[in-house]
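Participant: need the 3D shape of this:
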Amino acid sequence: MFRARRLADAGPHRMFSELDPTISWSDGVLSVNRPELDLHHELGGRGLVLVPSLFAWPNVFVKASEPWAPVLRYPTRGVGAMWFDDPPAVDLAPVLGQARAALLVELTTPSTTTSLARRTGLAPSGVSAHLSRLAAAGLVTRRRAGRLVFYVRTARGDALLS
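Facilitator: Take a look at the predicted model:
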């Protein structure tokens with residue numbers, strides 16, 4: 001998504017040079033200029049598939065042999081973060097209570113009180129009371145769809161979980 005937006009905003013010349021300084025684009029010609037490699041690929045209207053790759057770092061790789069579509073593999077953004085573990089999940093139960101923490105975790109998709117009660121084993125009336133408290137804290141919001149009311153985790157609720 002980032003590269004597509006960059007292509008639309010800045011054009012191919014800028015987008016390709018940001019992928020790697022050895023890449024250039026001019027008049028439909030993709031060039032990869034390196035001391036050990038000097039390639040110019042005429043795409044001839046075949047398009048170009050851009051493939052981010054964790055395993056391409058720090059180089060780019062080009063496959064432009066016919067009859068396949070030309071492919072440019074480039075290092076993905078954030079490759080350095082791949083080698084670090086996520087911090088341990090914070091246990092929200094001591095702060096929110098076991099039931100509210102469980103409900104907040106369950107709200108990865110919009111859910112009704114009944115479906116949450118079924119999934120958590122809590123009574124529907126208890127789920128409703130807990131959801132009211134979570135809504136008052138700005139951690140969830142309600143959305144009506146006909147006769148059903150769906151609860152959705154808010155950005156604040158997402159931030160609390162992460």
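
Participant: name the next helix or strand downstream of the lowest-mean-pLDDT helix or strand in the chain, please.
Facilitator: Every helix and strand of the chain was ranked by mean pLDDT, DSSP states H and E. The lowest is strand 37-42, at a mean of 64. Past strand 37-42, further along toward the C-terminus, the next helix or strand under DSSP states H and E is strand 49-53.

Participant: now for that next one, which elements pack on it?
Facilitator: Counting contacts by 3 or more C-beta pairs under 8 Å, 6 or more residues apart in numbering; DSSP states H and E, strand 49-53 packs against helix 2-19, strand 71-75. Bear in mind the C-beta positions are built from the backbone N, C-alpha and C, glycine included.

Participant: okay, the angle between it and helix 2-19?
Facilitator: Put simply, strand 49-53 runs at 80 degrees to helix 2-19, going by axes from the mean of the first three to the mean of the last three C-alpha atoms, to 10 degrees.

Participant: count the residues that sit near residue 131.
Facilitator: The number of residues packed near residue 131 is 23, by other C-beta atoms under 10 Å.

Participant: quick check: bridge partners of the residue nearest to it when sequence neighbours are not counted?
Facilitator: Distance criterion C-beta to C-beta, 6 or more residues apart in numbering; nearest residue to residue 131, sequence neighbours excluded, is residue 151 at 5.4 Å. On the basis of DSSP bridges, residue 151 is bridged to residue 111, residue 142.

Participant: neighbours of residue 151, just the number please.
Facilitator: 25.

Participant: before we move on, what about residue 63?
Facilitator: For residue 63, using other C-beta under 10 Å, the count is 13.

Participant: distance check, the nearest residue to residue 63 once chain neighbours are set aside against residue 162.
Facilitator: Nearest non-adjacent residue to residue 63, counting by C-beta to C-beta, 6+ apart: residue 71, 4.6 Å away. Counting by C-beta to C-beta, to the nearest Å, the separation of residue 71 from residue 162 is 34 Å.

Participant: out of the helices and strands packed on strand 49-53, deepest packed?
Facilitator: strand 71-75 (a mean of 18; mean count of other C-beta atoms under 10 Å).

Participant: check contacts around residue 141.
Facilitator: 135, 151-152, 154 (C-beta atoms under 8 Å, 6 or more residues apart in numbering).
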